[in-house]
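*Asks:* fold the following and give me the result.
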Amino acid sequence: MYHPMLIFERHSGCLLAARLRPGNASSHARIVPMLVRLVPRLEAAFPGVKIKLGDAGFALPVLYKFCEFFEIEYALGIPANCVSQRRAEPLQKKLKRRYRRTQLPQRSFSSFRHRARSWPRRRRIGYKAEHTATGTNLRFVITNCSGRASEAFAFYNDRGECENRIEEFKNGFRADRLSCHRFLANAFRLLLHAAAYNLVNFFRHHLPQPWRSAQIETLRARLFKLGARIRQTARCIRVHLASGWPFQNLFRSATLAVNTS
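*Replies:* So this is what the prediction gives:
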């Protein structure tokens, strides 16, 4: 068993870093060393661009310090405890009463400042309270984002798009197929999967607009795995495609877009 760690860029879907870890590694193991290598390179390549970090499994004081040192905005999911539940209880009761009166699902956001014993200062805890027919649902994040708590949660929830990229990386590129005998060989194999993913993702961004969100399975079936006849002469190599192929126009536009870029 292995436990890969992947870091994606949200808007482009680019895989920024991939690291293979043993299967017994915790979800947050080695996250800070990866960011120590990645963040300075991003800042050098994109000066002045604001870097934000969002995830549900990296609630670590050392990560908070790292983000605050590099001025990175973060929104990280944290488990509920007695302190956070006590601070959220008034809003929770208010939503419960409102639901009983209206019989409509209720949702609200708020935040408070808190300092744990191991923290050098107070930090902002945002929470979302919901009350429906199934009961109350509370979610907490620790964040240094300014603005409303609902905006911090909107950024935090937006990480779900990266979950789609992880699924595509796993299913479309068979990135979970790490069947070599040695750990180092499997780690290199993961990097090969990452290179293949980024290559296809870069290609996808140069396609016509409706196809820029296509899954790898769709691109493979319609653009990559094609039946053709290869004819080699003294001057050139010609690829003859079937005249009845239904995706000729897509292939032409994709070829033109890639060549012009």
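*Asks:* all the strands of the stretch 151-261 of the chain, in order from the start?
*Replies:* 228-232, 237-241 (DSSP state E, counting those that start in this stretch).
*Asks:* using CSV, lay out these together with mean pLDDT.
*Replies:* Below are the strands of the stretch 151-261 of the chain laid out as CSV (pLDDT from 0 to 100):
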stretch, mean pLDDT
strand 228-232, 90
strand 237-241, 87
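*Asks:* reformat these as TSV; add distance to Gly54 and mean neighbour count.
*Replies:* Bear in mind the C-beta positions are built from the backbone N, C-alpha and C, glycine included. Converted to TSV, these look like this (distance: least, Cβ to Cβ, whole Å; neighbours: other Cβ atoms under 10 Å):
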stretch	distance to Gly54	mean neighbour count
strand 228-232	44	9
strand 237-241	44	10
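*Asks:* CSV for the ones you listed, including distance to Cys162?
*Replies:* Compiled in CSV, the strands of the stretch 151-261 of the chain are given as follows (distance: least, Cβ to Cβ, whole Å):
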stretch, distance to Cys162
strand 228-232, 36
strand 237-241, 36
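*Asks:* and those strands: which comes nearest Ser26?
*Replies:* strand 228-232 (48.7 Å; Cβ to Cβ).
*Asks:* before we move on, the earlier item: so which of the strands of the stretch 151-261 of the chain comes closest to Arg189?
*Replies:* strand 228-232 (29.5 Å).
*Asks:* partners of the closest one, with directions?
*Replies:* According to DSSP bridges, strand 228-232 forms sheet pairs with strand 237-241 (antiparallel).
*Asks:* tell me how far the partner strand is from the chain's mean position?
*Replies:* Relative to its parent chain, strand 237-241 has a centroid offset of 39 Å by Cα atoms, centre = their mean, to the nearest Å.
*Asks:* ditto for stretch 128-143
*Replies:* Taking mean C-alpha positions (Cα atoms, centre = their mean), stretch 128-143 and its chain are 23 Å apart.
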